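Student: sequence and predicted structure below; questions after.
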Amino acid sequence: MNTSTVIKKIYVVLLFLILVGCEESDIVKVDFLKSRNLRGQVKSVNTEVFDLQKNEDKLEVGPKINSCYFYKNSITNFNKYGGLTSEMEFSGRGDTLRVVQKEFKSDSSIITTERGLQRKGSEEIVTAFYDDQDSLVKADIIRSNDTGNITWERDKFHRISQRSIFLKDNVLSKIVYEYDQNGHLVKESHYSKDSLPNKAITRVFKEKYLIYESTMDFRDGDTMQFINRYIHYRMDSSVIAQDDFEGGITQYQRISQFYDEDSVLRRRVATPVGSKRYNITIREWDKNGNLIKHKTMESDEKDIFEVTYTYDYDKEGNWLEMKSFANGEPNCVVTRKIEYY
């Protein structure tokens, strides 16, 4: 197994450690349900995807299909702390495509077994270590013949000051974080395995608002600079981000975000500026944080593509049925059966 493949797998494990919870209350207390926008003490979610058809003036549910946008046929189980314990994915015909099983041990180890169609199962053991404030400080990873670990160092305010990834005791990468007196992350220094810097990110804040961000990328034997300047309008909670790429200040991205009275993001508009032809992207969410519209259109507004989503909710605020329509035509319907503790 080559080094780049191992690095990718270790990063996947890192993401898993951040998101997943454990059965033992003194091990992990991170809620995986939030990342899936699930509310309440969810025990399991059975998701099925079907074609949606129009018959005269009526909508009819068609045959089961493999997937629709972000959704696949799957059964997902969680423990009482919101930690993902198992997940199975299926094709529209019912064939098992992927099985993931996670076993949580009282010694903080997590055994993950994953099996996919037409391939042998793989096993990895992750042993996570936490400090007295229940934050990750180290994770040991064993997968096949490879061993590695990730360490997190924290400052006196319990913020991450350094994250390092090792493979068989050799440093693969390291990131050093620096904060200002107000607690804003103002600098990230990225280092490769030979201790040479490969990226530096600096940020400037005014009060609580980010107003300037510069990224210097030193990889691939060349240096590139990417600059964002942010202008904040408090009246409508919108944000304008201006991007410069090596002096190309005439082209930038205008991003406007609009929130409701509960500070929930409800609408986002991304408009490139400085080009003769460009696409405007508009996304809207309902009060539960679920996407209800994704729209793209060219600058002349002649070529418009719009996908809309409608939902039926249960009493916990989780949707049980989602219908999607592409330019007004029915596309698919996704149903969910949710079981609670």
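Tutor: Yep, it's here.
Student: can you give me the distance of residue 283 to residue 268?
Tutor: Noted for residue 283: a distance of 5 Å to residue 268, by C-beta to C-beta, to the nearest Å. Quick note: C-beta positions are derived from backbone N, CA and C, even for glycine.
Student: for stretch 127-147, the averaged confidence score.
Tutor: The pLDDT scores in stretch 127-147 average 79.
Student: buried sites along it?
Tutor: Neighbour-count burial for stretch 127-147 flags 127, 128, 130, 136, 138, 139, 140, 141, 142, 143, 146 (criterion: 16 or more other C-beta atoms under 10 Å).
Student: determine which two of those are furthest apart.
Tutor: Longest distance between any two of the buried residues of stretch 127-147 is 23.7 Å, between 130 and 146; criterion C-beta to C-beta.
Student: helix or strand: which one has residue 49?
Tutor: Taking DSSP states H and E as the criterion, residue 49 maps to strand 42-55.
Student: can you show me the CA trace of that strand as PDB?
Tutor: Presented in PDB, the C-alpha positions along strand 42-55 are these (Å, rounded to 0.1, in the frame of the first residue of the first chain):
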ATOM      1  CA  VAL A  42     -32.900   8.500  16.800                       C
ATOM      2  CA  LYS A  43     -32.300   4.800  17.000                       C
ATOM      3  CA  SER A  44     -32.500   3.900  13.300                       C
ATOM      4  CA  VAL A  45     -33.300   5.300   9.800                       C
ATOM      5  CA  ASN A  46     -34.500   3.100   6.900                       C
ATOM      6  CA  THR A  47     -34.200   5.100   3.700                       C
ATOM      7  CA  GLU A  48     -35.800   4.000   0.400                       C
ATOM      8  CA  VAL A  49     -35.600   5.800  -3.000                       C
ATOM      9  CA  PHE A  50     -38.200   5.600  -5.700                       C
ATOM     10  CA  ASP A  51     -38.900   7.100  -9.100                       C
ATOM     11  CA  LEU A  52     -41.600   9.800  -9.100                       C
ATOM     12  CA  GLN A  53     -43.800   9.900 -12.200                       C
ATOM     13  CA  LYS A  54     -46.700  12.000 -13.400                       C
ATOM     14  CA  ASN A  55     -49.800  10.200 -14.700                       C
END
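Student: now stretch 150-161: mean pLDDT?
Tutor: Averaging pLDDT along stretch 150-161 gives 91.
Student: now stretch 182-189
Tutor: Computed over stretch 182-189, the mean pLDDT rounds to 96.
Student: same check, this time on stretch 265-279
Tutor: Stretch 265-279 shows a mean pLDDT of 82.
Student: list the buried ones in it?
Tutor: 266, 267, 268, 269, 270, 271, 272, 278.
Student: next up, the contacts around the residue lying closest to the fifth one once chain neighbours are set aside.
Tutor: In space, and not counting its chain neighbours, residue 270 is closest to residue 281: 4.5 Å by C-beta to C-beta, 6 or more residues apart in numbering. Residue 281 is in contact with 269, 270, 294, 295, 296, counting by C-beta atoms under 8 Å, 6 or more residues apart in numbering.
Student: now those residues as CSV including secondary structure and distance to residue 186?
Tutor: Formatted as CSV, the contacts of residue 281 follow (DSSP: H, G, I helix; E, B strand; the rest coil; distance: C-beta to C-beta, whole Å):
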residue, secondary structure, distance to residue 186
269, strand, 29
270, strand, 26
294, strand, 34
295, strand, 36
296, strand, 35
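Student: make TSV from these and add distance to residue 34 to it.
Tutor: TSV is the format used below for the contacts of residue 281 (distance: C-beta to C-beta, whole Å):
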residue	distance to residue 34
269	26
270	25
294	22
295	27
296	28
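Student: wait, which of those is closest to residue 50?
Tutor: Looking across these and measuring by C-beta to C-beta, the closest to residue 50 is residue 294, at 20.2 Å.
Student: the closest one reaches residue 270, doesn't it?
Tutor: No: shown here, residue 294 and residue 270 do not form a contact pair, counting by C-beta atoms under 8 Å, at 11.4 Å.
Student: quick one: common contacting residues for those two?
Tutor: Common neighbours of residue 294 and residue 270, using C-beta under 8 Å, 6+ apart, are 281, 282.
Student: just to revisit the earlier point, which of the buried residues of stretch 265-279 fall in strands?
Tutor: Taking DSSP state E as the definition of strands, these contribute 266, 267, 268, 269, 270, 271, 272.
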